[in-house]
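Enquirer: One predicted model, sequence on top.
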Amino acid sequence: MQPNMFMWPGLLKSLLDSDIHIILDHTLASKNSRYNRNMIRGSEDATWLTIPYLNFSRNKSISQLALNTSCKSKQKILNKFQNRYSRSKYFDHSFAVLKNSLQSAINESTLLVDAYESFLVSL
């Protein structure tokens, strides 16, 4: 499986059902992938929850992709998630996973695979 930054049912089911989780990070990156984004809905129209790439190129492997993990970018993601889901049944747990995943990124840029690893640890 390619690394994904945000929870979605298929990813969580795959993690729960597997004995071993292999991250396929040596394939070439694809434009408009869901490695760094996910469609969210909440009580409003659907929108994208996205961590922007830094210097994206289709000629890079997934292992070389860097995310913009500046304080501004992380806060924007947390605010959007909170605005959409704060009244949801499992918001506190989901928000904690997302927040912990993002807080582990202490630099302005973080490799996607490192951010994904933080996400898995936060689960």
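Expert: Ah, there it is. Computed from a prediction, not measured in an experiment: that's the story for all the values here.
Enquirer: Tell me how many other residues surround Val121.
Expert: Residues lying near Val121 (other Cβ atoms under 10 Å) number 11. Just so you know, the C-beta spots here come from the backbone N, C-alpha and C atoms, and that holds for glycine as well.
Enquirer: Pull the residues that contact the helix or strand where it lies.
Expert: Element membership of Val121 [criterion: DSSP states H and E] is helix 112-122. With Cβ atoms under 8 Å, 6 or more residues apart in numbering as the test, helix 112-122 has contacts from 3-5, 15, 21, 23, 25, 35-36, 51, 62-63, 65-67, 69, 96-98, 100-102, 104-105.
Enquirer: Okay, and which of the residues you listed map to strands?
Expert: Among the contacts of helix 112-122, the ones falling in strands (DSSP state E) are Ala66, Leu67.
Enquirer: CA atoms only: put the longest helix along the chain into PDB for me.
Expert: Counting residues, the longest helix found in the chain (DSSP state H) is helix 71-85. Listed next in PDB are the C-alpha coordinates belonging to helix 71-85 (Å, rounded to 0.1, in the frame of the first residue of the first chain):
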ATOM      1  CA  CYS A  71       3.000  25.700  11.400                       C
ATOM      2  CA  LYS A  72       0.600  27.500   9.200                       C
ATOM      3  CA  SER A  73      -0.100  24.500   7.000                       C
ATOM      4  CA  LYS A  74      -0.700  22.200  10.000                       C
ATOM      5  CA  GLN A  75      -3.000  24.700  11.800                       C
ATOM      6  CA  LYS A  76      -5.100  25.100   8.600                       C
ATOM      7  CA  ILE A  77      -5.600  21.300   8.400                       C
ATOM      8  CA  LEU A  78      -6.500  21.000  12.100                       C
ATOM      9  CA  ASN A  79      -8.900  23.900  11.900                       C
ATOM     10  CA  LYS A  80     -10.700  22.500   8.800                       C
ATOM     11  CA  PHE A  81     -11.000  19.100  10.400                       C
ATOM     12  CA  GLN A  82     -12.300  20.600  13.600                       C
ATOM     13  CA  ASN A  83     -14.800  22.800  11.900                       C
ATOM     14  CA  ARG A  84     -16.200  19.800   9.900                       C
ATOM     15  CA  TYR A  85     -16.200  17.100  12.600                       C
END
